[in-house]
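Enquirer: Give me a 3D structure for the following:
(one chain, ligands or ions: 2)
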Amino acid sequence: MLALGKLLELTLTDHEPAEKTQVTSRGVRLRWLGEGALEVRPPEGEDCGLDLLLSAGIHGNETAPIELLERLLHGVASGTLIPRARVLFLFGNPAAIRKGERFVEQDINRLFNGRHALSSGFEALRAAELEQFARVFFATPGRQRLHYDLHTAIRGSKIEQFALYPFKEGRLHSREQLARLAAAGIEAVLLQSKSSITFSAFTYEQLDAEAFTLELGKARPFGQNAPVNLDRLEQRLIQLIEHTETEAAQSLENLKLFRVAREVIKHSDNFRLHLPPDIENFSPLPQGYLLADDIAQTRWVVDEQDARIIFPNPKVRNGLRAGILVVPDAGQQLG
Ligand SMILES: O=C(O)CCC(=O)N[C@@H](CCC(=O)O)C(=O)O
Ligand SMILES: [Zn+2]
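Expert: Ligands and ions are numbered 1, 2, ... in the order given. Reported below is the predicted structural model:
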């Protein structure tokens, strides 16, 4: 296997490879772009016209997706996976991956779409660098642009594998992309309805990529991810990379759609979330339920029908999202 296939090992040991470019016997070019960043380019005549950005480790303790990208890279570097797409592999927060923690100083996934410029520290610098890697990668006009930002969640979930689909004014969520996700084993998609500061929101809003955050089960340490079965996603990613994808089913019958009813924002240290600590994502909440309270008599009462909670987290910094209330969506606004 070519040494650059060991991007995870290089990243975990904080090593810069001596040789920055390597070519497989089939003419596939691997180029190390910087810490945790590797571009794979098929020979010109075999390029299918897809630019695929695969990121993981934006949160350092979310290891199942990191292991998945590592398997794909090993396949490319050992010649068993023959790419026809251009692929950019990114490990988002190397320092946090080395520590096995979600972040070191602050959550990188709240620093995109310009937020890094209002902050400081290495995570802000890294967010700016990740934006630049993505900007350069998606710079060629006329090619398909697709970004999957792979995560796992802090808590268990009533729906194990789901996606978050960013929002941009005037742009419709794509039925075809949703069908592709369903074929990859994704059970539900949350359709966002406002701009955001996450990595997938940046590539969707600013670089015109189709982009998703994928939530792939519960976060566990390296080597302990057997309970998360990513086989369907892995097969689909291999097909995308090799350009052997069979027609994605057009039916969204088995895909549950949700939209954001409200984001719960923590305003102060007085914020109290009235949920059990082990509550699962997508747990239903009854109408009238007092979900949270905060300074100045702020009360978050559920008034939506069929509301469910995802990502409840009272420990986030003040000003950030401490949970999302979602409701079912009939999918009438899809393009
Ligand atoms: O389990 C949790 O509370 C968080 C899991 C996670 O990291 N989710 C992403 C979602 C990103 C998005 O909104 O697209 C995050 O919070 O950054
Ligand atoms: Zn995450």
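
Enquirer: so what's the residue of the stretch 1-150 of the chain found nearest ligand 1 up against?
Expert: At 3.5 Å from ligand 1, Asn109 is the closest residue in the stretch 1-150 of the chain, using CB to the nearest ligand atom. (Glycine included, C-beta is placed from N, CA and C.) Going by CB atoms under 8 Å, 6 or more residues apart in numbering, Asn109 touches 58-59, 197-199.

Enquirer: same question, Lys168
Expert: By CB under 8 Å, 6+ apart, Lys168 lies in contact with 195, 204-205.

Enquirer: With Thr24 instead?
Expert: Thr24 touches 2, 30, 76-77, 79, counting by CB under 8 Å, 6+ apart.

Enquirer: per-residue pLDDT, it?
Expert: The score at Thr24 is 97. That number is its pLDDT.

Enquirer: which regions of this protein lie under the pLDDT threshold?
Expert: 247-250 (pLDDT under 70).

Enquirer: what residues does it put near ligand 2?
Expert: Applying CB under 5 Å from the ion, we find that the chain lies next to ligand 2 at 59, 62, 151.

Enquirer: Using neighbour counts, pick out the buried residues of the one helix or strand Glu9 maps to.
Expert: Per DSSP states H and E: Glu9 is located in helix 7-12. Along helix 7-12, these residues count as buried under the neighbour rule (16 or more other CB atoms under 10 Å): 7-8, 10-12.

Enquirer: Show me what that helix packs onto, helices and strands only.
Expert: Packed against helix 7-12, as judged by 3 or more CB pairs under 8 Å, 6 or more residues apart in numbering; DSSP states H and E, are the following elements: helix 63-78, strand 86-91, helix 94-99.

Enquirer: re the thing from before, looking at the contacts of Asn109, which are in helices?
Expert: Counting by DSSP state H, those place Phe199 in helices.

Enquirer: what ranges do the helices span in the chain?
Expert: 7-12, 63-78, 94-99, 122-137, 175-183, 199-206, 231-242.

Enquirer: Only alpha carbons, please: show the third one as CSV.
Expert: Looking back up the chat, that one is helix 94-99. The C-alpha coordinates for helix 94-99 follow below in CSV (Å, rounded to 0.1, in the frame of the first residue of the first chain):
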residue,chain,number,x,y,z
PRO,A,94,-6.5,16.5,14.3
ALA,A,95,-5.6,17.8,17.8
ALA,A,96,-9.0,16.7,19.1
ILE,A,97,-8.7,13.3,17.4
ARG,A,98,-5.4,12.8,19.1
LYS,A,99,-7.0,13.6,22.5
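
Enquirer: Neighbour count for the contacts of Asn109 - can I get that in TSV?
Expert: Output for the contacts of Asn109, formatted as TSV (neighbours: other CB atoms under 10 Å):
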residue	neighbour count
Ile58	29
His59	24
Ile197	18
Thr198	24
Phe199	28
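
Enquirer: Would you mind giving the contacts of Asn109 as CSV with distance to Asp269 added?
Expert: Formatted as CSV, the contacts of Asn109 follow (distance: CB to CB, whole Å):
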residue, distance to Asp269
Ile58, 26
His59, 23
Ile197, 22
Thr198, 24
Phe199, 28
